[in-house]
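> structure of the sequence below:
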Amino acid sequence: MQYQARHWFILIFLSVVWGTSFILMKNGLETFSWDQVAALRISVSFIGTLPFLFLFGRHIKGKQLKYSALTGLTGSGIPAFCFTFAQTHIESGIAGVLNSLTPAFTFALGVLFFAMPFHRWKLAGLLTALTGALILVSSDPDGGHSQLWYALPVFLATLSYATSANLVKTYLQDAHPIGLGAVGFASIGIPSLLYLLSTRFWELAAETTYPEMSAISHFSISLWSIVALSLFGTVMASIIYFKLIQMTDSLFGSLVAYIIPVVALLLGVWDGERISMTHVLGMLFILAGIYMINARQPFALVRVRRSH
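Sure, this is the predicted structure:
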């Protein structure tokens, strides 16, 4: 299909919003545990979408409810916990780059389960992207051990994102995007909220210490980082993303993976994270693989007719 300027504008906007998510999760982890950050993110998202659930939830048809719930689980629930656990051991910028594997898994799942056409160069792109991921996590910038074990949750998160994208395109093409997002968050919000309350997370405000500022200030920075992550990086971005996929297709929507790693890496460096040449090489392999997956004929030869 022919992509319009507004499609590209939305794509870039989403990429920047999602690219900041990793540094916001990092701020949240300064005070809360990884599971509290994830549960708080989903809970705030659920509360923020409650008005939309009452206003637009009725637009979701009965047969679409189960797919909407699955989209909420795979597009927000599983990735929220996977990324926060991973970022307890890997840098936010690296997590942002690994997030770029989403188009590779979108293609793989699309071919296996959603009748997406198979092309050999796309398979080559998938293998290239996975090679880049292995290079990226082969060692840390200080010469430490492989980070592969802690990168596995990120692989699961990107696989989950890819599942969500294919579900939206295949079963929810005509679903109301706001209603879709609200129903999805409702399906995962209540259990997350109950779990969060069981952790008594608010007591951390009195326990957290941080040099050069009061405990309550440090708690507030972490809390508001997660609120921003929830309302903008999760609720607003998810609804816009659903609409973008409906207007285009799942592979175009997954092109956010080109810009997200750049934003995430720049913010990580700004926050003092170290990036090695190995990381840059791995990112280039991933982006090359994504290009191969999304291009129609990346290695096609141009034939020139000779005039006589």
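> report the buried residues of stretch 50-64.
52-53, 56-57, 59-60, 64 (16 or more other C-beta atoms under 10 Å). For the C-beta atoms, the positions are set from N, CA and C on the backbone; glycine is no exception.
> can you show me the CA trace of that stretch as PDB?
What follows is stretch 50-64, C-alpha atoms only, in PDB (Å, rounded to 0.1, in the frame of the first residue of the first chain):
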ATOM      1  CA  LEU A  50     -11.400   3.700  32.800                       C
ATOM      2  CA  PRO A  51     -13.300   6.800  31.400                       C
ATOM      3  CA  PHE A  52     -12.600   5.500  27.800                       C
ATOM      4  CA  LEU A  53     -13.800   2.100  28.800                       C
ATOM      5  CA  PHE A  54     -17.200   3.400  29.600                       C
ATOM      6  CA  LEU A  55     -17.300   5.700  26.600                       C
ATOM      7  CA  PHE A  56     -15.900   3.500  23.900                       C
ATOM      8  CA  GLY A  57     -15.900   0.000  25.300                       C
ATOM      9  CA  ARG A  58     -19.300  -0.700  23.800                       C
ATOM     10  CA  HIS A  59     -17.800  -0.300  20.300                       C
ATOM     11  CA  ILE A  60     -15.900  -3.500  20.800                       C
ATOM     12  CA  LYS A  61     -18.000  -6.400  19.500                       C
ATOM     13  CA  GLY A  62     -18.500  -9.600  21.500                       C
ATOM     14  CA  LYS A  63     -16.400 -11.700  19.200                       C
ATOM     15  CA  GLN A  64     -13.600  -9.100  19.500                       C
END
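> avg pLDDT for that stretch?
The average of the pLDDT scores along stretch 50-64 is 87.
> show me the contact partners of it.
If you take C-beta atoms under 8 Å, 6 or more residues apart in numbering as the criterion, stretch 50-64 is touched by 68, 171-172, 175-176, 178-183, 185-186.
> same check on stretch 223-242?
10, 13-14, 17-18, 20-21, 24-25, 27-28, 31-32, 37, 40-45, 48-49, 71, 75-76, 80, 168, 172, 175, 177-178, 180-181, 184-185, 253, 256.
> name all residues that make contact with the residue positioned nearest the centre of the chain.
Nearest residue to the geometric centre of the chain (C-alpha atoms, centre = their mean): residue 99, 6.0 Å. Neighbour list for residue 99: 18, 22, 83, 154, 157-158, 161, 257, 260-261, 264 [criterion: C-beta under 8 Å, 6+ apart].
> same thing but 10 Å
Taking C-beta atoms under 10 Å, 6 or more residues apart in numbering, we find residue 99 in contact with 18-19, 21-22, 79, 83, 154, 157-158, 161, 256-257, 260-261, 264, 286.
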